[in-house]
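Colleague: predicted model, plus sequence, below.
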Amino acid sequence: MTKDFDTLKSERTVARTKATKLVKDLNALWSQKEKADLDDLAYNLSLAENHFTILNSVKGQLHAHVIPDDTHHLSDLDEIIFKSKRLLARLEKAAETRLNAAPHSTCATAKPLLLLSHRVGTPKIYSSARRQS
């Protein structure tokens, strides 16, 4: 069963609106560059990739009914997805590099505990056999 023209146009309008919002959100994150939150960027990127397939599907259904899509929503979404993927890869690599370059004892309590272990020493255990000799 095929959808009628009005239903397809309505779906296209909803899909375009969501695509515009996703492009705006990803552009805002992308413009922050190294200050962008990794989780927000990854989440919005995932939403955009999923929505790209939905928007492309609606475009294909409309194209089958000879209704052209004369907007740039797909290309805008595709461009910002590409840019966001590259930014996410750079940010993840930078975060990994910072973790590998950091000293192993980054915990604030690690140094005092290390000093404490030198002061306490090893407990001495005397067995009854040793006391007898």
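Modeller: Okay, I see it. Source: prediction; values computed, not measured. Numbering: from 1, shown residues only.

Colleague: skipping its backbone neighbours, what lies nearest residue 83 in space?
Modeller: With sequence-adjacent residues excluded and distances taken as Cβ to Cβ, 6 or more residues apart in numbering, residue 83 is closest to residue 30, at 5.4 Å. The way it works is simple: take the backbone N, C-alpha and C, and place the C-beta from them, glycine included.

Colleague: how close does the one you found get to residue 13?
Modeller: Using Cβ to Cβ, to the nearest Å, residue 30 is found at 26 Å from residue 13.

Colleague: with the flanking residues excluded, which residue is spatially nearest to residue 49?
Modeller: Once flanking residues are discounted, residue 49 sits nearest to residue 81: 6.0 Å by Cβ to Cβ, 6+ apart.

Colleague: picking that back up, tell me how far the host helix or strand of the residue nearest to residue 83 lies from the chain's centre.
Modeller: Assessed by DSSP states H and E, residue 30 sits inside helix 5-31. Averaging C-alpha positions (Cα atoms, centre = their mean, to the nearest Å) puts helix 5-31 20 Å from its chain's average.

Colleague: same thing with stretch 29-46?
Modeller: Relative to the centre of its chain, stretch 29-46 is centred 7 Å away, using Cα atoms, centre = their mean.

Colleague: how long is it end to end?
Modeller: 14 Å (Cα to Cα, to the nearest Å).

Colleague: lowest-confidence helix or strand of this protein?
Modeller: When the helices and strands of the chain are compared on mean pLDDT, DSSP states H and E, helix 110-120 comes out lowest with a mean of 52.

Colleague: so who does the residue most central in space within the chain touch?
Modeller: By Cα atoms, centre = their mean, the chain has its centre lying nearest to residue 42, at 2.0 Å. Residues near residue 42 by Cβ atoms under 8 Å, 6 or more residues apart in numbering: residue 88.
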